[in-house]
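# give the three-dimensional model of this entry:
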Amino acid sequence: MKRVPRKIKVPANQIELPFFAPRAPRIEESEIQSREVRLSGLALKEEALKIAAGRPVVIQYNNNRSQMISMKRHLDGTMHVRISRVMKIASVESWKELGLWIKNPGKNNIFTKGTHSGEFIRSPKAELVLSKTKVKREKPIKSLGRNFDLKTIFSNLNSLYFGGKCDAKIGWSRKPISKARHSIQLGAYYEEDNTILINPVLDWEQVPLMVLEGTMFHEMIHWQLRFRQHEGKRRKLHDVEFKSQMEMWPKNAKYEKWLAKNAAMLIRRRNYLSRKKKLET
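Numbers count the residues shown, from 1 in each chain. The predicted structure is shown next:
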């Protein structure tokens, strides 16, 4: 049977075009079942947590085998939560308990006997997943160098600008952080194991203390902004928010000026140390 175009009334100043009324798409039974499966997955568990928490929650996952959940409240009221990936296979009831714990940690218990989360974490299924979870083997890092003690620098900055809340591990990197021959990376913050590493090229008598402080302050800001969400696939680590916090450090202008003037010297020093290490090995 031939379909006849149906017209609708439109304002006089618009073009009037005929159109065919679209038919509602037919939903197969298999598609309905697949939707139900998706709804019963991780998205449903995360939603249950957010509803139980009663506040905006941003969730990130890690491979932590000892601490299943940690959280930090941001100034805008959003709660940023880090959860071990093993919890992805836990029940919705366990996720509700996590949400209630976020809402009131002192009143609501998690991972204790008699709770859903406690029964799950002691189950053979959870133990199997945890046993297969790959975690980097921690190696002791040194903070005391020939010319500078990183722990002292870190402690001073932490108390002055971060309220003593920065809990990152600190030490000298064992090898150059950047392999680029004509550039140099002076420090790095590794979110996975909460560690700040400083390039050993700075452990040199020709480098002023201010440069160590500036590099440390830079990486501590990365620690402070670690829970941020980034729009798009590419993360902008040094955006406007980061730069504004960096400028709060009184010596930042002198620090940037010194780096611009002496970057080539540090690269030569780094290359020299790399050649020396190869000869020794």
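
# got the end-to-end distance for stretch 59-66?
18 Å (CA to CA, to the nearest Å).

# please tell me how far it is from the chain's geometric centre.
11 Å (CA atoms, centre = their mean, to the nearest Å).

# tell me where the stretch 151-281 of the chain has strands.
Using DSSP state E, counting those that start in this stretch, the strands of the stretch 151-281 of the chain run over 169-172, 187-190, 195-198.

# against E247, how distant is the closest residue to Y189 other than its chain neighbours?
The shortest distance from Y189 to any non-neighbouring residue, by CB to CB, 6 or more residues apart in numbering, is to H222 (3.9 Å). Using the backbone N, CA and C atoms, a C-beta is placed for each residue, glycine as well. To E247, H222 is 15 Å away according to CB to CB, to the nearest Å.

# do the same with K96
Counting by CB to CB, the gap from K96 to E247 is 43 Å.

# who has more neighbours, these two?
Each of K96 and E247 has its neighbours counted (other CB atoms under 10 Å); K96 has more, 18 against 11.

# for that one, which three-state class applies?
On the three-state scheme (DSSP: H, G, I helix; E, B strand; the rest coil), K96 is labelled helix.

# looking at it, it is touching A52, isn't it?
Yes: under the criterion of CB atoms under 8 Å, K96 makes contact with A52 at 4.7 Å.

# got any ranges where the stretch 151-281 of the chain has weak pLDDT?
175-181, 227-236, 281 (pLDDT under 70).

# please enumerate the helices of it.
Along the stretch 151-281 of the chain, the segments classed as helices by DSSP state H, counting those that start in this stretch run 209-224, 240-246, 252-280.

# mind listing what M71 touches?
M79, H80, V81, R82, I102 (CB atoms under 8 Å, 6 or more residues apart in numbering).

# now swap in F217 and tell me
L157, Y161, M246, W249 are the contacts of F217 under CB under 8 Å, 6+ apart.

# just W101 next, same as before
Going by CB under 8 Å, 6+ apart, W101 touches I69, N108, N109, I110.

# for the third one, which three-state class applies?
Same thing as N109. Going by three-state DSSP: N109 is coil.

# wait, it sits on L98?
No: shown here, N109 and L98 do not form a contact pair, counting by CB under 8 Å, at 11.1 Å.

# more neighbours: the two, which one.
Taking other CB under 10 Å, N109 and L98 do not tie; L98 has more neighbours (29 against 15).

# distance check, that one against L128.
21 Å.

# go on, E46?
From E46 across to L128, the span is 23 Å (CB to CB).

# repeat for K251
Distance, K251 to L128, by CB to CB: 52 Å.

# hang on, the earlier thing: now do the same contact list for the residue nearest to Y189.
So H222 contacts Y189, L237, F242 (CB under 8 Å, 6+ apart).

# then E219?
Taking CB under 8 Å, 6+ apart, one finds A168, G187, A188, Y189, I196, I198 in contact with E219.

# do that again at 6 Å, thanks
G187, Y189, I196 (CB atoms under 6 Å, 6 or more residues apart in numbering).

# I figured the first one hits V201, correct?
Okay, so that is G187. No: G187 lies out of contact with V201 (CB atoms under 6 Å); the separation is 10.7 Å.

# looking at the two, which one has more neighbours?
Taking neighbours as other CB under 10 Å, G187 and V201 compare with V201 leading, 24 against 21.

# the residue nearest to the more buried one when sequence neighbours are not counted: how many residues sit nearby?
Once flanking residues are discounted, V201 sits nearest to R270: 4.6 Å by CB to CB, 6+ apart. Counted with other CB under 10 Å, residues neighbouring R270 total 22.

# confirm for me that R270 is in contact with L202.
No: between R270 and L202 there is no contact under CB under 6 Å: 9.8 Å.

# which one of E46 and L128 is surrounded by more residues?
E46 (18 against 11).

# and A126, which of the three is it?
helix.

# when you give positions from now on, start the count at 15
Sure, I'll start counting at 15 from here, so that last one is A140.

# residue contacts, it?
So A140 contacts V100, F134 (CB under 6 Å, 6+ apart).

# from R284, how far out is it?
Computed as CB to CB, the A140 to R284 distance reads 45 Å.

# the helices in the stretch 15-164 of the chain, which residues?
Assignment of helices within the stretch 15-164 of the chain using DSSP H, counting those that start in this stretch yields the ranges 43-53, 56-67, 106-117, 130-135, 138-146, 164-175.
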